[in-house]
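>>> build me a structure from this.
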Amino acid sequence: MNEHARHDTDPTSAVPDGGEATIESTSAESAYEAFQEGSRLLAMASAHAAAVVLERARDLEPDQGSIREALGRAYFRTGRFSAAKAEFARVVEIDPVNDYALFGLGLCLLREGDRVGARRPLKLAVAMRPDQPDYQAALARARRG
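Okay, the predicted model is just below:
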């Protein structure tokens, strides 16, 4: 059997037809690359640049909580609290037990002056991770006044 014949009969060497799966995997790879770049920029304290890259990742993979969480962090660091709040809220919809997203949502509400609204997500975050002093401190701020 020649090499060409082996490719025609070997299912492991099949190339996807139709292109849809290829587009999806390309989008996922591009989103992952953008997420990695955005995370790197966040770590380097380049929140504005990170937000631009992470927006692209979010647009490619809108239901990826990790991308939206990173984008929420970037927005928060740039003072875009309303946008950060929307991202953290979406992460909580995707993954209701994401304690960091609940914490981020609570912080955004605090920054917007909504102490009462901040209490619920912060209480949940503290209940999930009582060992996190930042969560405890934010909840204490929400309970004051």
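>>> tally of neighbours for Arg144?
Applying other CB atoms under 10 Å, we find 7 residues neighbouring Arg144. C-beta: built from backbone N, CA, C; applies to glycine.
>>> thought it was touching Arg119?
No - between Arg144 and Arg119 there is no contact under CB atoms under 8 Å: 10.8 Å.
>>> just name the shakiest helix or strand of the chain by mean pLDDT.
Within the chain, no helix or strand scores below helix 3-9, which has a mean of 36 by mean pLDDT, DSSP states H and E.
>>> give the buried residues for the longest helix along the chain.
Determined from DSSP state H, the single longest helix within the chain is helix 20-43. Buried residues in helix 20-43, counted by 16 or more other CB atoms under 10 Å: 31-32, 34-35, 37-39, 41-42.
>>> dump those residues to CSV, plus pLDDT and distance to Arg115.
Output for those, formatted as CSV (pLDDT from 0 to 100; distance: CB to CB, whole Å):
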residue, pLDDT, distance to Arg115
Ala31, 94, 36
Tyr32, 95, 38
Ala34, 96, 35
Phe35, 97, 33
Glu37, 97, 36
Gly38, 97, 31
Ser39, 97, 31
Leu41, 97, 32
Leu42, 97, 27
